[in-house]
Every structure is written in structure tokens, then in C-alpha cells.
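# The amino acid sequence is not available; the structure is as follows:
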């Protein structure tokens, strides 16, 4: 009987580990963005960079004009 209890406890631990691993993987997998969203994010980042460059360029021209 003691051997049966040990086996049950061991199998219980095993299933607990499996559950925690599968839960972890379920949490992690959705965090990876799709290729489309990666491409979209890159385009958005590029657009923002261009906007910032235009702002700097315009500011530089204004400063030049004020001198």
C-alpha cells in the first residue's frame, strides 16, 4: 500500500508539472506576433521616423530663417 501511495504521489507531481508547462506554453504562444503584424509595425515605425525627420528639417529651416 505504501508503494501505491508513492506512485500516486509521483504521478500527481508529474501531471502538475505537465499542466504548468502546458499553461506556460499557452500563455507564451499568443505573445508572438504574426508576420503581417510585424510588417505593419515596421511600416508604422518607418512612418513615425519620417515624421520626426520632417519635424527636425522644418525646425532647422525655421531656425535658419530666424537668424
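On my side now, so go ahead. This is a predicted model, so every value here is computed, not measured.
# Okay, now the unreliable bits of the chain?
Applying pLDDT under 70 to the chain flags the ranges 1-32.
# And the strands in it, which stretches?
Here the chain has no strands by DSSP state E.
# What is the longest helix of it by residue count?
When the chain is parsed with DSSP state H, its longest helix is helix 35-66.
# Show me the domain layout of this protein.
Taking automatic domain parsing as the criterion, the chain consists of the domains 1-32, 34-67.
# which parts of the longest one are buried?
Applying a neighbour-count criterion of 16 or more other CB atoms under 10 Å, domain 34-67 contains no buried positions. To be clear about C-beta, it is placed using only N, CA and C from the backbone, and glycine gets the same treatment.
# any idea how far residue 40 is from residue 33?
Using CB to CB, to the nearest Å, residue 40 is found at 9 Å from residue 33.
# Which neighbours do those two have in common?
With contacts defined as CB atoms under 8 Å, 6 or more residues apart in numbering, no residue is shared by residue 40 and residue 33.
# Please report how far residue 58 lies from residue 51.
11 Å.
# And for residue 37?
21 Å.
# before we move on, what about residue 35?
25 Å.
# repeat for residue 44
When CB to CB is the yardstick, residue 44 and residue 51 sit 11 Å from each other.
# now do residue 61
Taken as CB to CB, the span from residue 61 to residue 51 is 16 Å.
# now swap in residue 62 and tell me
16 Å.
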